[in-house]
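Asks: Predicted model, plus sequence, below.
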Amino acid sequence: MRRANVSSQKEHLNGMTPLERLRLEKAAADCGFERTPVLLGDGGMELRSAQFPETIYVHAENGKFRVSTSASAAVLLDGTNGCVVSVTDLDQLYATLQRASAIARTMPNRVAEQFRREKLRLPQTTEAERLVVQRVGQNLFRNALMDYWQGHCCVTGLAVPALLRASHIKPWAKCQSDDERLDVFNGLLLAPHIDALFDGGWISFSDQGGLLVSEALPYAARTKLGLSLGWTIRNLKPAHVPYLTFHRTNELRKAA
C-alpha cells in the first residue's frame with residue numbers, strides 16, 4: 001500500500017495524476033495507439049502503435065493537454081505550431097489522437113505498398129483482369145481517404161459514407177506511378193456535387209484550401225449550384241500543395 005502511494009506521489013510530482021494517466025491510456029488505446037504507453041521522466045507519456053512507426057507525446061498541464069511529436073512526423077498534427085498542439089479537454093484530445101493515427105496509417109507509400117502486395121496475388125493478363133486490379137487500388141485509396149478525413153467531406157463536413165466520393169486531385173490516369181495514384185495527399189473526400197465540380201475542372205482550391213471557381217462557369221450557374229465562397233478545406237498539409245498546383249494548372253477550366 002505504501003509502495004502504491006509512493007508511486008502515485010511520484011507521478012503527481014512528475015506532472016501527471018493517476019487519474020490523468022488512466023484517461024490518457026484509455027484515449028491512446030481507443031484512438032489506435034494500442035501499444036502500452038511509455039511514461040516519460042518529465043511526466044509525459046509516449047504513445048505508440050504496431051501499425052506505424054511514428055510516436056506521439058502527451059503531457060497533462062493544469063487540466064489541459066499538450067500533444068507533440070518529432071519534427072519528422074509533424075504532419076500528424078494539425079495546427080500552426082508544427083509538431084506541438086494544445087487541447088483544452090478530453091474530447092479534443094480524442095479528436096487529435098484519432099486524426100494523428102489516421103494520418104499515420106495512410107502516410108504516403110503505405111497504401112501503395114499494400115496495393116503492390118495485393119497485385120502480386122492477382123492475374124493481370126487480360127484487360128478485364130487489369131480493371132479488377134485497378135478497382136482494388138481505387139478501393140484502397142477510398143478507404144485511406146475515409147480514414148484520413150475521418151469519414152467527412154473535407155469541404156462541407158457531410159458524414160454520409162455512401163454519398164462521399166474519393167476524388168483524386170491529380171487524376172489517376174495522369175499519375176506517373178502507384179505511389180502518386182495511392183498517395184493520400186493526392187486525394188480529397190468530397191460530397192457528390194463538389195466532387196462533380198472538382199473532377200470536371202469547374203472549381204479548384206488554393207494551397208490554403210480556399211475555393212477557386214473557373215471563369216468558364218457562368219455566374220447564373222454558380223448561383224443555381226449553390227457555390228459558396230465560404231467553401232474551404234481546412235488543415236491541408238504541405239504534401240497536398242504539388243497536387244493542388246497540378247489541378248489548378250491542368251484541370252481547372254479556362255475562360256471560354
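Replies: Arrived safely, thanks for sending. Numbering: from 1, shown residues only.

Asks: and the closest residue to residue 228 other than its chain neighbours, bridged to which residues?
Replies: Leaving aside its sequence neighbours, residue 228 sits nearest to residue 211 (CB to CB, 6 or more residues apart in numbering; 7.5 Å). In short, each C-beta sits where N, CA and C put it, glycine included. Per DSSP bridges, the residues bridged to residue 211 are residue 205.

Asks: sec struct for residue 51, please.
Replies: coil (DSSP: H, G, I helix; E, B strand; the rest coil).

Asks: I'd say the residue nearest to residue 228 and residue 229 touch.
Replies: Yes. Between residue 211 and residue 229 a contact is recorded at 5.9 Å, counting by CB atoms under 8 Å.

Asks: of the two, who's got more company?
Replies: Neighbour totals were compared for residue 211 and residue 229, and residue 211 leads with 18 against 10 (other CB atoms under 10 Å).

Asks: ok, now which ones touch that one?
Replies: Listed by CB atoms under 8 Å, 6 or more residues apart in numbering, the contact set of residue 211 reads 203, 205, 227-232.

Asks: Of these, just say which sits nearest to residue 246.
Replies: Comparing those against residue 246 with CB to CB places residue 205 closest, at 12.1 Å.

Asks: The closest one contacts residue 233, correct?
Replies: Yes. Using CB under 8 Å, residue 205 is in contact with residue 233, at 5.7 Å.

Asks: Those two: which is more packed in?
Replies: Using other CB under 10 Å, the more surrounded residue of residue 205 and residue 233 is residue 205, with 23 against 19.

Asks: show me what contacts the more buried one?
Replies: Residue 205 sits next to 211-212, 232-233, 244, 247 when contact means CB under 8 Å, 6+ apart.

Asks: Residue 47 too?
Replies: 28, 33, 35, 37, 55-58, 97.

Asks: could you dump the contacts of residue 205 to CSV with pLDDT and distance to residue 165?
Replies: Compiled in CSV, the contacts of residue 205 are given as follows (pLDDT from 0 to 100; distance: CB to CB, whole Å):
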residue, pLDDT, distance to residue 165
211, 97, 17
212, 97, 19
232, 96, 18
233, 97, 14
244, 98, 17
247, 98, 15
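
Asks: TSV for these, including distance to residue 173?
Replies: TSV is the format used below for the contacts of residue 205 (distance: CB to CB, whole Å):
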residue	distance to residue 173
211	25
212	23
232	28
233	23
244	18
247	14
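
Asks: Now for the residues you listed: which two are most distant?
Replies: 232 and 247 (15.6 Å).

Asks: Give me the more crowded residue out of those two.
Replies: Using other CB under 10 Å as the criterion, residue 232 and residue 247 rank with residue 247 on top: 24 against 15.

Asks: where does the more buried one fall, helix, sheet strand or coil?
Replies: Residue 247 is classified as helix under three-state DSSP.

Asks: Assess the claim that it and residue 204 are in contact.
Replies: Yes. Using CB under 8 Å, residue 247 is in contact with residue 204, at 5.2 Å.

Asks: Quick check: neighbours shared by those two?
Replies: residue 198.

Asks: Name the residue closest to the centre of this structure, please.
Replies: residue 148 (3.0 Å; CA atoms, centre = their mean).

Asks: roughly how far apart are that one and residue 215?
Replies: 31 Å (CB to CB, to the nearest Å).

Asks: and if you look at residue 161?
Replies: Distance from residue 161 to residue 215, by CB to CB: 34 Å.
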